[in-house]
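[1] next input, structure requested:
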Amino acid sequence: QVQLVESGGGLVQAGESLRLSCLASGRTFSSWAMGWFRQAPGKEREFVAAISRSGRRTYDTDSVKGRFTISRDNAKNTVYLQMSSLKPEDTGVYYCAGDTTKLLGFTTQPGEYAYWGQGTQVTVSS
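    Model (predicted):
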């Protein structure tokens, strides 16, 4: 049984930082490409960042470039999202997701991720 559990969300002020973690269990974590998505109230879930199996390749959406960094520690079965210079528009529920099909890269499409966590709330006040 695959399980992804996010943690690290919270309430912060604009300009502050948070680090989200996602702990995976149940399968071989190092064989998954991983992604972070977020969903604001009344909006669709959107892609934030992704990382390849090895961690050598990453990709961020334009709105978080230079502020967010995705990384992973395969020995700890964990993927991270370091978020800096947070803005009120970063508010939402953040989800990690696992994709077992990409050998070298990753996808930005939520429908291609097989496994999802339950989400962690991030609220940024102005």
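[2] what strand or helix carries the closest residue to residue 49 other than its chain neighbours?
    Leaving aside its chain neighbours, residue 49 sits nearest to residue 70 (4.0 Å; criterion: Cβ to Cβ, 6 or more residues apart in numbering). Bear in mind the C-beta positions are built from the backbone N, C-alpha and C, glycine included. Residue 70 is part of strand 68-73 when elements are defined by DSSP states H and E.
[3] helices and strands around that strand, which ones?
    strand 33-39, strand 46-51, strand 58-60, strand 78-83 (3 or more Cβ pairs under 8 Å, 6 or more residues apart in numbering; DSSP states H and E).
[4] centroid residue for the chain?
    Computing the C-alpha centroid of the chain and ranking residues by Cα atoms, centre = their mean puts residue 36 first, at 2.3 Å.
[5] what residues are bridge-paired with it?
    Residue 36 has the following beta-bridge partners by DSSP bridges: residue 49, residue 96.
[6] where does pLDDT dip in the chain?
    In the prediction, the chain carries residues with pLDDT under 70 at positions 27.
[7] picking up where we left off before, reformat the helices and strands packed on strand 68-73 as CSV; add distance to residue 24.
    Formatted as CSV, the helices and strands packed on strand 68-73 follow (distance: least, Cβ to Cβ, whole Å):
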stretch, distance to residue 24
strand 33-39, 8
strand 46-51, 13
strand 58-60, 17
strand 78-83, 7
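[8] between those, which gets nearest to residue 3?
    Counting by Cβ to Cβ, residue 3 lies closest to strand 78-83 out of the helices and strands packed on strand 68-73; the figure is 12.7 Å.
[9] parallel or antiparallel, which strands does the closest one pair with?
    Here strand 78-83 has these sheet partners by DSSP bridges: strand 18-25 (antiparallel), strand 68-73 (antiparallel).
[10] for residue 41, find the nearest of these.
    Per Cβ to Cβ, nearest to residue 41 of those: strand 18-25, 18.6 Å.
[11] now do the buried residues in the closest one.
    18, 20-24 (16 or more other Cβ atoms under 10 Å).
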